[in-house]
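Engineer: Sequence first, predicted model second:
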Amino acid sequence: MTETAARVRELNLYRRYFDLVAAGEKSTEVRVKYPHLADLAAGDVIRFRIKGTDETCDVRVRQVTEYADFEALLDGEGPANVNPTSTREEQLANIRAIYPPEKEALGALAIKIELLAP
């Protein structure tokens with residue numbers, strides 16, 4: 001029996017979110033449904049990188065769920081899974097500061113992740 005190597009995607013992440021992922025405190029990553037993420041699936045590996053640094057953190061994708069917008073995503077996934085340090089309202093404002101309305105209109109992805117050992 002042969003095993004297929006997991007696909008590895010590299011994605012940038014802001015320091016505050018990177019630290020939560022690296023500590024195992026963030027279990028759901030939020031992304032816009034860009035075409036390059038359309039085939040992201042359970043079992044894939046994401047290597048998060050802080051842009052401009054060599055700092056990385058690997059996670060395995062457990063599940064990907066699509067939502068119409070960020071509000072539906074936060075309601076469906078639970079704000080504490082996305083960012084345990086911020087309220088739902090703060091998270092919504094922060095996410096929308098990163099992704100303007102035309103990006104949100106593409107759809108939102110909730111990516112359930114589990115931290116992999118370094």
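Structural biologist: Good, I have the coordinates. No experiment lies behind these values; they were computed from the predicted model shown. Numbering: from 1, shown residues only.
Engineer: Look at stretch 22-40 and report the distance between its end residues.
Structural biologist: End-to-end span of stretch 22-40 (Cα to Cα, to the nearest Å): 21 Å.
Engineer: For that stretch, buried residues please.
Structural biologist: Residues of stretch 22-40 classed as buried by neighbour count (16 or more other Cβ atoms under 10 Å): 22, 26, 27, 28, 29, 30, 31, 32, 33, 37, 40. All C-beta atoms are positioned from the backbone trio N, CA, C, and that covers glycine.
Engineer: Then stretch 43-57?
Structural biologist: So, applying 16+ other Cβ under 10 Å, buried residues of stretch 43-57: 44, 45, 46, 48, 49, 50, 57.
Engineer: quick one: which of the residues you listed is nearest to residue 8?
Structural biologist: residue 45 (4.6 Å; Cβ to Cβ).
Engineer: Would you confirm that that closest one contacts residue 60?
Structural biologist: Yes. Between residue 45 and residue 60 there is a contact under Cβ atoms under 8 Å: 5.7 Å.
Engineer: Give me the secondary structure label for the spatially most central residue of the chain.
Structural biologist: Nearest residue to the geometric centre of the chain (Cα atoms, centre = their mean): residue 29, 2.1 Å. Taking DSSP: H, G, I helix; E, B strand; the rest coil as the rule, one finds residue 29 in the strand state.
Engineer: if I read this right, it contacts residue 108, doesn't it?
Structural biologist: No. The criterion here is Cβ under 8 Å, and residue 29 misses it with residue 108 at 11.0 Å.
Engineer: Can I get stretch 59-76 in CSV, CA atoms only?
Structural biologist: Extracted C-alpha coordinates of stretch 59-76, given in CSV (Å, rounded to 0.1, in the frame of the first residue of the first chain):
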residue,chain,number,x,y,z
VAL,A,59,-1.3,22.6,10.9
ARG,A,60,-3.4,19.8,9.5
VAL,A,61,-6.8,20.7,8.0
ARG,A,62,-9.6,18.7,9.7
GLN,A,63,-12.5,20.2,7.9
VAL,A,64,-13.4,23.1,5.5
THR,A,65,-16.9,24.7,5.7
GLU,A,66,-18.1,27.4,3.4
TYR,A,67,-20.3,30.2,4.5
ALA,A,68,-22.0,33.1,2.7
ASP,A,69,-20.3,35.7,4.9
PHE,A,70,-18.3,36.3,8.0
GLU,A,71,-21.3,36.8,10.3
ALA,A,72,-22.7,33.4,9.3
LEU,A,73,-19.2,31.8,9.8
LEU,A,74,-18.8,33.2,13.3
ASP,A,75,-22.3,32.1,14.3
GLY,A,76,-21.7,28.6,12.8
